[in-house]
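Colleague: Sequence first, then the predicted structure, then my questions.
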Amino acid sequence: MKKTFLVSWALLSLLLIGLVLRELWVDPSFASVFALGMAGYYSFCFFKLILAAYMPWGLLGSYRRAGYWLCLILLPMTLIPLHSAYEVWVRGAYVAAQTSRRTALLQQVLGWLQDAIGYLGPLLALGAFGLGMAVVLLRLLRGQVAR
């Protein structure tokens, strides 16, 4: 089973890095270089997660290592609300995207904050959410064992 996960990891990593390298070749920009760095980062973290999960007591024991790599995988996701806050700051107002059932409540709250406080309401809420997620993940990382 470990070999199956490693082979699927290798195929997906090669495919993803190949697509990003093609994009970098076609349109060299800072965004393409950042995407290449993120693809390499995720490839490395998932490789180490697979290895850690197949160690003895890798998921449950006192010397667990899988949680460390899982927190590192989730850490860049904290940039998404910060990027949304930056977009609010650039536009000077919060503009709701297409509403779906899952995001309707969040968009109503952000719209209410904009009505109550101005564009700083959604900016501060999104910034606090992104930074809060990062702090929680970094605190979880301190409790994990990485060897």
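Modeller: Good, I have the coordinates. Residues are numbered from 1 along each chain as shown.
Colleague: right, and Gln114 touches Leu123 too?
Modeller: No. The criterion here is Cβ atoms under 8 Å, and Gln114 misses it with Leu123 at 9.2 Å. Backbone N, C-alpha and C define where each C-beta goes, glycine included.
Colleague: Now do the contacts for Arg139.
Modeller: Arg139 makes no contacts at all, as judged by Cβ atoms under 8 Å, 6 or more residues apart in numbering.
Colleague: who are the neighbours in contact with Leu141?
Modeller: Applying Cβ under 8 Å, 6+ apart, the residues contacting Leu141 are 68, 71-72.
Colleague: Quick one: mean pLDDT for the particular helix or strand that has it in it?
Modeller: Assessed by DSSP states H and E, Leu141 sits inside helix 120-142. On average, the pLDDT along helix 120-142 is 87.
Colleague: okay, and the helix or strand of this structure with the least pLDDT?
Modeller: Counting by mean pLDDT, DSSP states H and E, the weakest-scoring helix or strand in the chain turns out to be helix 104-117, with a mean of 81.
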